[in-house]
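Asker: Build the 3D model from these lines:
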Amino acid sequence: MSYAIICSSKTGNTEKLAQRAREILGEEDEGPVADADLVLVGSWTDKGGMDPALAEALPPLAGKRVFLFGTCGFGGSQAYYDRVLDRFQSALPEGAQVVGRFMCQGQMPPAVRERYVKMAEQDPKRFEPMIENFDRALGHPDAADLTAFENALRSAL
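Answerer: All right, here's what the predicted structure looks like:
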């Protein structure tokens, strides 16, 4: 089976998932979107949706089998991940057939925590939970996330 990967990874988290996909599917079978039996589309989460920079890469996915994946700094809830993936899916062209989806938490840059700490001085009730989320996100995607991603991808094949 031939495949292609379209991926935007701002901090390297989503790229970890893309690399795992290459390990599972075999790097020798990766090729251009036009020739792919399956296209994996991965993105970091930008304001609750897919990276807008991917928009011009999506029109050729009409009629293609697509597996969506991504990472987001906020996490802890499959319902939240599903809402984000729904937004990713809505960005696809009509006729794209989504055969699987996966989302997990990804760690954020240290500057984000520093900003939260500074804002928590003024509004601790609002920003202390964000600091706690930041700390939970450290190290993600981790081994368990990569295994879950692998299982989701294999289920879609």
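Asker: So this structure: which segments form each domain?
Answerer: 3-106+141-156, 108-139 (automatic domain parsing).
Asker: ok, and which of the ones you listed has the densest surroundings?
Answerer: domain 3-106+141-156 (a mean of 17; mean count of other CB atoms under 10 Å). Bear in mind the C-beta positions are built from the backbone N, C-alpha and C, glycine included.
Asker: picking up where we left off before, next, format the domains of the chain as TSV and append mean pLDDT.
Answerer: Listed next are those as TSV, based on pLDDT from 0 to 100:
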stretch	mean pLDDT
domain 3-106+141-156	96
domain 108-139	95
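Asker: on contacts alone, who are the packing partners of the one helix or strand residue 151 maps to?
Answerer: Secondary structure from DSSP states H and E places residue 151 in helix 143-156. For helix 143-156, the helices and strands in contact under the criterion 3 or more CB pairs under 8 Å, 6 or more residues apart in numbering; DSSP states H and E are helix 13-25, strand 65-72, strand 97-105.
Asker: Quick one: residues contacting the most centrally placed residue in the chain.
Answerer: Nearest to the mean C-alpha position of the chain, by CA atoms, centre = their mean, lies residue 70 at 0.5 Å. Contacts for residue 70 were tallied using CB atoms under 8 Å, 6 or more residues apart in numbering; they are 14, 17, 42-45, 50, 84-85, 88, 102-103.
Asker: List just the nearest of the residues you listed to residue 35.
Answerer: For the contacts of residue 70, the residue nearest residue 35 by CB to CB is residue 42; the value is 19.0 Å.
Asker: export stretch 40-59 as CSV, just CAs?
Answerer: Written as CSV, here are the backbone C-alpha positions of stretch 40-59 (Å, rounded to 0.1, in the frame of the first residue of the first chain):
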residue,chain,number,x,y,z
LEU,A,40,-2.1,10.9,6.4
VAL,A,41,-2.8,14.5,7.4
GLY,A,42,-1.3,15.7,10.6
SER,A,43,-1.3,19.0,12.3
TRP,A,44,-0.6,20.8,15.5
THR,A,45,-3.7,22.5,16.9
ASP,A,46,-4.0,26.2,16.1
LYS,A,47,-6.8,27.9,17.9
GLY,A,48,-8.8,24.7,18.0
GLY,A,49,-8.2,23.7,14.4
MET,A,50,-5.7,22.6,11.8
ASP,A,51,-2.7,24.8,10.9
PRO,A,52,-4.0,27.2,8.2
ALA,A,53,-0.8,26.7,6.3
LEU,A,54,-2.0,23.3,5.3
ALA,A,55,-5.1,24.7,3.4
GLU,A,56,-3.4,24.7,0.0
ALA,A,57,-2.3,21.0,0.4
LEU,A,58,-5.9,19.8,1.0
PRO,A,59,-7.8,20.1,-2.3
